[in-house]
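Novice: I would like to see how this sequence folds:
(2 chains)
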Amino acid sequence: GAAELELLERLLGLPGGNKYGVQGQRKVPVLQTNNGPGLTGLMTIAAHLVRQAKKDQLLGNTAEEKAVVQQWLEYRVTRVNGGSSKEDARIILKDLNTHLEDKVYLAGNIFTLADILMYYGLHHIMVDLTVQEKEKYLNVSRWFNHIQHYPGVRQHLSNVVFIKNRLYTNAH
Amino acid sequence: MGFGDLRSAAGLRVLNDFLADKSYIEGYVPSQADIAVFEAIAAPPPADLFHALRWYNHIKSYEKQKASLPGVKKALGKYGPADVEDTTGAATDSKDDDDIDLFGSDDEEESEEAKKLREERLAQYESKKSKKPAVVAKSSILLDVKPWDDETDMAKLEECVRSIQADGLVWGSSKLVPVGYGIKKLQIQCVVEDDKVGTDMLEERITAFEDYVQSMDVAAFNKI
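Specialist: Modelled structure (predicted):
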């Protein structure tokens, strides 16, 4: 929620100083503005920050890339939240693993806001995975390890360790 | 090291396995290492080797920038899994690049000097194939080490970091960079031999100084 937006601000190189609040039971983040009710919603505020930092390429360049970025932002907001059950986590990891089979980043070949917010959103799930699970969702592990090493992304979050030599043989 | 013969199905399979949990041949950014391997492959890998295919399509998207990617191209035998026997022979050197240069353009940026140096190194490598290679892969890493708060003794923190010794690790210069609220982070340079020291190991050992270190980040990573 709000903590994530602060991480994003720092990653984007914004000066900071924005004030965040939360709304309702689901703790939807709100960005307080000088006039009016404020900007509401993780996806909305995040996209706004990206534009403020003039890093629009993080939202995708082509129409298709932009759509894919939006798809994963929506996924993040509707399916991945702090209260995911183990069963929910399993489905998310399976979806992601399939999607990432032929892609380096969520939107294909470019690093976007989708990768950033999905990384922050998934961190608490990835931290608890066993070695066997990390190998089972091999593409997610590869992507997650890549994103956490991307300059400026991880900040104070813990580094999730992925061992180099795979212990469990894979079917292919 | 090396992938075996990348023009054979077996070599491609080694590449595929290698790339299953990696986005790039070396490190976390595209580099000359990826270009070197890319140029050794005759055609896109088949669909069943989907990790290799994913990597192939991704590197292809860097086609226009290939000359400016970091690092130096080394002989193919220097890349890949450590436990695979190096079977690269004369066939994989620069002479074949003309035949399978997929990007279709000549290496205008490569000066005569650089070309001579590369050919010299390849010749050196071939003659020393069975012995340990003379050229050692090194990287220059800039680390950001963050303390818990502004009261942390940064001199002691630096001492702790520099006390980490390892074969293939050399500490360089450092400076304190303010990050706000009176807190300063330690930015310290080091040079590592890629085969011996990795950022994961550095991270483990640095963050082990729990009393001083809150976290460590790689601020910059450059191949030398």
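Novice: which parts of chain A sit against chain B?
Specialist: A:101-104, A:109, A:138, A:141-143, A:145-146, A:149-151, A:154-156, A:158-159, A:161-162, A:164, A:166, A:170, A:172 (CB under 8 Å from any CB of the partner chain). In this view, the C-beta of every residue, glycine as well, is placed from N, C-alpha and C.
Novice: need the residues of chain B near chain A, please.
Specialist: So chain B meets chain A at B:20-23, B:28, B:48, B:50, B:53-55, B:57-58, B:61, B:146, B:199-200, B:203, B:214-215, B:217-220 (CB under 8 Å from any CB).
Novice: let's see it at 6 Å
Specialist: B:A20, B:D21, B:S23, B:Y28, B:F50, B:R54, B:H58, B:S61, B:E203, B:S215 (CB under 6 Å from any CB of the partner chain).
Novice: can you flag the buried ones in the residues you listed?
Specialist: By neighbour count, with 16 or more other CB atoms under 10 Å in any protein chain shown, those hold B:A20, B:D21, B:S23, B:Y28, B:F50, B:R54, B:H58, B:E203, B:S215 as buried.
Novice: list the contacts of the one helix or strand in chain A whose mean pLDDT sits lowest.
Specialist: The least trusted helix or strand in chain A, going by mean pLDDT, DSSP states H and E, turns out to be strand A:19-23, with a mean of 87. Where contact means CB atoms under 6 Å, 6 or more residues apart in numbering or on different chains, the residues beyond strand A:19-23 that reach it are A:A2, A:L5, A:P29, A:V30, A:L31, A:Q32.
Novice: give me the next element, helix or strand, following it.
Specialist: Later in the chain than strand A:19-23, the nearest helix or strand by DSSP states H and E is strand A:28-32.
Novice: distance of the residue lying farthest from the centre of chain B relative to A:G16?
Specialist: Within chain B, B:E151 marks the point farthest from the mean C-alpha position, 36.7 Å out by CA atoms, centre = their mean. Distance of B:E151 to A:G16, computed by CB to CB, to the nearest Å: 22 Å.
Novice: repeat for A:R90
Specialist: Relative to A:G16, and taking CB to CB, A:R90 is found at 37 Å.
Novice: picking up where we left off before, now list the buried members of the residues of chain A next to chain B.
Specialist: Here, 16+ other CB under 10 Å leaves A:102-104, A:138, A:141-143, A:145-146, A:149-150, A:154, A:159, A:162, A:166 buried among the residues of chain A next to chain B.
Novice: now, those residues that are in helices?
Specialist: Counting by DSSP state H, those place A:L138, A:S141, A:R142, A:W143, A:N145, A:H146 in helices.
Novice: widest-spaced pair of the residues you listed?
Specialist: Largest separation among these by CB to CB: A:L138 and A:H146, giving 12.6 Å.
Novice: how far does stretch A:3-15 sit from its chain's centre?
Specialist: 13 Å (CA atoms, centre = their mean, to the nearest Å).
Novice: now tell me what touches the longest helix seen in chain A from outside.
Specialist: Longest helix in chain A by number of residues (criterion: DSSP H): helix A:63-79. Residues outside helix A:63-79 that contact it (CB under 6 Å, 6+ apart) are A:L42, A:M43, A:L59, A:G60, A:L106, A:A107, A:T112, A:A114, A:L117, A:M118, A:G121.
Novice: okay if I get the residues you listed as JSON lines plus pLDDT and secondary structure?
Specialist: Shown next, in JSON lines, are these (pLDDT from 0 to 100; DSSP: H, G, I helix; E, B strand; the rest coil):
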{"residue": "A:L42", "pLDDT": "93", "secondary structure": "helix"}
{"residue": "A:M43", "pLDDT": "93", "secondary structure": "helix"}
{"residue": "A:L59", "pLDDT": "96", "secondary structure": "helix"}
{"residue": "A:G60", "pLDDT": "95", "secondary structure": "coil"}
{"residue": "A:L106", "pLDDT": "96", "secondary structure": "coil"}
{"residue": "A:A107", "pLDDT": "94", "secondary structure": "coil"}
{"residue": "A:T112", "pLDDT": "96", "secondary structure": "coil"}
{"residue": "A:A114", "pLDDT": "96", "secondary structure": "helix"}
{"residue": "A:L117", "pLDDT": "95", "secondary structure": "helix"}
{"residue": "A:M118", "pLDDT": "95", "secondary structure": "helix"}
{"residue": "A:G121", "pLDDT": "93", "secondary structure": "helix"}
